[in-house]
Each structure stands twice: as C-alpha cells, then as structure tokens.
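> show me the folded form of this:
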Amino acid sequence: VTGVQTCALPISTLVLALPFSSLHAEEKPVDVAIVGAGLAGLSTAYRLAKSGLTFKIIELSPHIGGRIRTASYPEGLHAELGLEEFWEGNPTLEIIDELKVKKEKAATSFSSLFLDGKIKAFKQSSNKEFVQAVFHSEEVKKFRAWDSKMILLYEETRKSPLSKSLLKLKEISFGEWIRKSSKLPKRVQNFIRIESEPEFAASWDSISALDGIIEWHIFSGEGTPSYHITGGNQRLTDAIAKHLGMENIVLNTKVTRIEQNESGVLVNGVDQGTYEQKAFRAKYVVTTAPLFRLLEIQFIPPLEEKRKEAIRTQTWGSYFTAHVIANTEAADLWGGNESGVMPILTDGPLGVVYGEIPKNESKVLILNLLVHGAGHGLQRLSKPVRRVGHGRPVRGHRRYAIQRTQCRLGGRIHERQVRSINRQVR
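Got it, this is the predicted structure:
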C-alpha cells in the first residue's frame, strides 16, 4: 500500500494583521486579486484573462490545483489523489476543450456496488439496464416512480424563491426522509444510500433532504456522464497555469488581511517559508479558498456576523485515500478487464475502489481506495498498513482527497479488520 500523508497536527503562528502601509506592494496593481489556486481560482483567472483583465493569484500551499492532484508511479502508472471526474455540465469542460487537453469518458453516474453481500457489477450500457439487473420487476417499478418524483423536485429547487415545502426539507436528513416517506423496499433504499454517500463524503443521515435532492440529480434518469483527463487530472490544472503564466501566481502565501478602500482593495499575506510580509493591490478581490478559511482572514470592513454564522454552518465530508499496487492478476477478483466494472462501491472499509488494467505491458496495476464516512477512521490505526494518506472530499463531485485536509476524521477499525483488509488488497 502506498500513499501520501498530508494530515498532521497543525503548528499555528499568530500573525497580527496590521495595515502594512510601509510594505512595497506589487509594482503594477491588477484588476483582480484571486485568493486560492485551486480549480475555482484558476478558472476565474482564465475567464478574466479572456476578457482582457489582469489578475494575481495568491495560494496558501506550495502547489497549484487544490484538490486536483495526480500521483505518478513507475511504468507509466498514475492515480488521483483528489478529484476523480468532471460531470457533464461542469463549466470546466469548456476550458478543457479550449486548451485542447485530452479527456476520456469515465462512467455514467451509477457504479458497481456490493449489495446483499454480493457485487453487482455495472457491465450494462445504461443506468436503466443496470437497475433492471439489480432489482426484480416490482422493485424496478417503485424505484423508477421515486426517481421520477426526484427529477420534479430537483426542477423545483432551481426556482427562486424556494417553496415552503422544500424549505422544510432542510430540517430533516436525506436518510430519514427516504425511510419515512419514500415507501421504497429496504433493498432499494440501501442501493440509493450506497450510490449517493460517496458523493456527499458523509452519511446520508448527516445532510438535509433538500441537499440530497440536489445531489441526486446526477443519478436521475439515465444519469450524468463524467470525464477524466487522460494521463491524470493534474494535467488540466498544469495546462491552465501554463496558459496563465506562473509569474501571475504566488505560491506558499497565506492571506491574512483584505482591506477595501476608496482606491480598491489591499490584500496582505505572509510567505509560509520565510515569513516575509507581502502586499497586493487590486480593484477587486475574489476568494475561492474553502469557506472556513475566510474566518482566518481579517476583513476591513469586517464581515457581518450573519455571514460569519453562515460560514460556520458549512461542514465538510471527509475522505481518506490509499493507493494499492497489485499484480494484474488481481483483476480476476472483480471480473477481469471488463469495461464498466470500476469503480466499485464497497459500502465498507475499502470505500470506493477505482482502478483499471494498464493499457501498456505493465504487470502491475494501481487501485485507488477512496474511503468516506465512518471508514475514514483508518487514519487512527495503531498499526497502519504501511503508509496511507487521507484528506477531504474527492470524488468529483465523486469528488472532491488529499490536500489541506481538516483532520476532522473519527472512528476506529480494529487490528483484526486491518489484517483482513491487507489480505484483500495484496
């Protein structure tokens, strides 16, 4: 087992964000300062550049891409550390095509899964055929009726303002709502839970029914197709950064203060290696960093208390990812080199298993174990199975794994279970 360890006990340094008027700001003020060099920040800069506007991106970490990271291994193998796929309708696909970054179709929305103690392999050509293969006729009928209602409810969520009946769904969890009102057989309910929870990076009992309806739309009907960058998703962020020019991106700099004044905005930051204080001037500022990071920045004028409270309500799902190097013969465990079988939703300690048979002559393959919810307690193992990495949401919207994890992971898996996992992945 191999991976990248990124969650450690933080070492905090208090920086009093004074108005560094004596600091030398950027010689040429820009139109827009962008906080964060993840996909959102890079995409923002890309569109600003297309409109002829100048920008400066300020990134906390020493690398670009945020949650998009790809690990490379010998023999041309690679596996994602973060975001796995881009769903149809994602505006990023437009950038991918404009920059001529090669992409490939990844999968439809449903995936192979373990249900009733058996693997239900997605070998069919459509979601409709897969559902028919998994359920008996009466279950199929009830599932389709429920799914049709979900499509209508999703359309209602796109209207403004939301109806009172929809707003009430903020007060009940997605899981409880389905158990109490769907009238679906337990087996169908389990199918919905197993397919959707990797998208939430949490239990379906920890998100609202309203959020569940919005997230389920990628599964409804024939589902939403998804795409993966050939050779690894990091090739996309690298391509965007190259297009923008690395001279316009400042890495390893923590933004500590944002001041709005008559001339525009002043953004103060501190280099995380040298503790050099930096200042950037712009007409506007766009923050694309995770919302919880906003509470670490001093705003002048200050954020309204209501905005701060709203930020505090935004919780994160949790992911843990581990890359397993195995012989190609291991593919026999999931049906060999048949298209569509991966990923597999295990509904257990192994989480979501991504992987495929290499197209070259390699005798090994990479399995990517993406563990969400209670399973991410693997990070607390007293005797870990060699090295494992863990982090925040990955699964693309199957989304979103590894960088800048919040370390809010819990749970424990007993050593006996660990040995069992080890046997399974050798």
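> what does the pLDDT read for residue 101?
Taken from the predicted model, the pLDDT recorded for residue 101 is 97.
> phi first, then psi, for it.
phi -80, psi 130 (degrees, to the nearest 10).
> what's it in contact with, if anything?
When the contact criterion is Cβ atoms under 8 Å, 6 or more residues apart in numbering, the partners of residue 101 are 229, 235-236, 239. Where C-beta positions appear, they are placed from N, C-alpha and C, glycine not excepted.
> any idea how far it is from residue 368?
Separation of residue 101 from residue 368 (Cβ to Cβ, to the nearest Å) stands at 21 Å.
> likewise for residue 235?
As it turns out, when the distance is counted by Cβ to Cβ, residue 235 lies 17 Å from residue 368.
> the more surrounded of those two?
residue 368 (24 against 19; other Cβ atoms under 10 Å).
> could you give the mean pLDDT of the helix or strand encompassing residue 194?
Applying DSSP states H and E as the criterion places residue 194 in helix 186-200. Along helix 186-200, the predicted confidence averages to a pLDDT of 94.
> also stretch 285-299?
Taken as a whole, stretch 285-299 carries a mean pLDDT of 93.
> now stretch 313-326
Here the mean pLDDT over stretch 313-326 is 79, rounded to a whole number.
> any idea how far it is from the chain center?
Averaging C-alpha positions (Cα atoms, centre = their mean, to the nearest Å) puts stretch 313-326 9 Å from its chain's average.
> quick check: end-to-end length of that stretch?
According to Cα to Cα, to the nearest Å, stretch 313-326 extends 41 Å from its N-terminal end residue to its C-terminal end residue.
> then the strand ranked longest in the chain to CSV, C-alphas only?
Residue-count comparison of every strand in the chain, with assignments taken from DSSP state E, identifies strand 277-287 as the longest. Backbone C-alpha positions of strand 277-287 (Å, rounded to 0.1, in the frame of the first residue of the first chain) are rendered in CSV as follows:
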residue,chain,number,x,y,z
GLN,A,277,5.1,40.0,4.6
LYS,A,278,3.6,40.7,1.2
ALA,A,279,1.0,43.2,-0.1
PHE,A,280,-1.1,43.2,-3.3
ARG,A,281,-3.3,45.9,-4.7
ALA,A,282,-6.2,45.4,-7.0
LYS,A,283,-9.6,46.9,-8.0
TYR,A,284,-11.4,43.8,-6.8
VAL,A,285,-10.7,40.6,-4.9
VAL,A,286,-12.2,37.1,-5.4
THR,A,287,-11.9,34.5,-2.7
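> name the residues that touch it?
Taking Cβ under 8 Å, 6+ apart as the criterion, the residues outside strand 277-287 that touch it are 20, 23-26, 29-36, 41, 44, 55-56, 58, 250, 253, 258, 263-271, 293-294, 297.
> among those residues, which ones are in helices?
The helices in this structure, assigned by DSSP state H, contain 41, 44 from those.
> which of the contacts of strand 277-287 are buried?
Of all the contacts of strand 277-287 considered here, the ones buried according to neighbour count by 16 or more other Cβ atoms under 10 Å are 20, 25, 29-30, 32-36, 41, 44, 55-56, 58, 250, 253, 258, 264-270, 293-294, 297.
> what about residue 294, distance to residue 255?
Computed as Cβ to Cβ, the residue 294 to residue 255 distance reads 10 Å.
> which neighbours do the two share?
Counting by Cβ under 8 Å, 6+ apart, residue 294 and residue 255 have no contacts in common.
> endpoints of stretch 59-73, how far apart?
Distance between the boundary residues of stretch 59-73 (Cα to Cα) amounts to 27 Å.
> I misspoke; the intended subject was stretch 91-105.
For stretch 91-105, the end-to-end distance is 16 Å (Cα to Cα).
> got the buried residues for it?
When burial is assessed from 16+ other Cβ under 10 Å, stretch 91-105 yields the following buried residues: 92, 95-96, 101, 103.
> between the contacts of residue 101, identify the one with the most neighbours.
Using other Cβ under 10 Å as the neighbour test, these are led by residue 236, with 26 neighbours.
> thinking it is in contact with residue 96, fair?
Yes. When contacts are counted by Cβ atoms under 8 Å, residue 236 is listed as touching residue 96 (6.2 Å).
> give me the common contacts of the two.
Taking Cβ under 8 Å, 6+ apart as the contact rule, residue 236 and residue 96 both touch residue 229.
> which residues of the stretch 251-400 of the chain score low on pLDDT?
315-318, 335-340, 357-360, 373-400 (pLDDT under 70).
> average pLDDT for stretch 153-160?
For stretch 153-160, the per-residue pLDDT values average out at 95.
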